[in-house]
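Undergrad: using only what follows, build the 3D model:
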Amino acid sequence: MNKTILAIMAIALSACSTHPAPTATAQAAVTPNRPAPTPPARGPELALAIEAARAALDSCIAQDQKGGVSVVDSAGGLRVLLAADGTSVRGVQSSTAKAQTAIAFKTATSDLFERVKTDKDLADKIAAEPKYNGRPGGILLKVNGEIIGAIGVGGARTDEACALAGLQKVQDRLK
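TA: Got it, this is the predicted structure:
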């Protein structure tokens, strides 16, 4: 190998070995356009989210309904997704969309479903966003009036009743 190339490689190796990898703080300092990290969203504890989803799904199954159940945190991030055997892809997708819609509009999707009948602006806003689903089945999870997440059920004829069964199972233990 060429002596110049070897010298450059030696310098590069020594630079790597004498300087530790930059920390996240150091990287942020040298990347001025990098956005600040987003704080974690509030949400139900994982065990309670799973329990609520299971109770909602069991409620649908008891009514001979196949559906999907999603539990999201206060930012709409998916925490849990369960689906009964034989649930359609659309049912699974709509469960998440309903939960995220409830979060986005800070109300149950059954309320939105009624309001869009007389509020064209609201109807247009919901229709303009493909990830929203304003049909009944999305309900909020609240603690002391603060929204901490939502449950969405899709694919069953009794979506909202199933979601409410999930909420009732865990409501008194949400923090």
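Undergrad: what helices and strands are in contact with the helix or strand hosting residue 121?
TA: Assigned by DSSP states H and E, residue 121 belongs to helix 120-128. Counting contacts by 3 or more CB pairs under 8 Å, 6 or more residues apart in numbering; DSSP states H and E, helix 120-128 is packed against helix 109-115. C-beta here means a position set from N, CA and C on the backbone, and glycine is covered the same way.
Undergrad: buried residues in the helix it packs on?
TA: 109, 110, 111, 112, 113 (16 or more other CB atoms under 10 Å).
Undergrad: tell me the contacts of the residue nearest the centre of the chain?
TA: Most central in the chain under CA atoms, centre = their mean is residue 77, positioned 2.1 Å from the mean C-alpha point. Contact partners of residue 77, counting by CB atoms under 8 Å, 6 or more residues apart in numbering, are 41, 43.
Undergrad: ok, so of the buried residues of helix 109-115, who is nearest residue 62?
TA: Of all the buried residues of helix 109-115, residue 110 has the smallest distance to residue 62: 20.5 Å, by CB to CB.
Undergrad: thought the closest one was touching residue 158?
TA: No: applying CB atoms under 8 Å as the test, residue 110 and residue 158 come out as separate, 11.9 Å apart.
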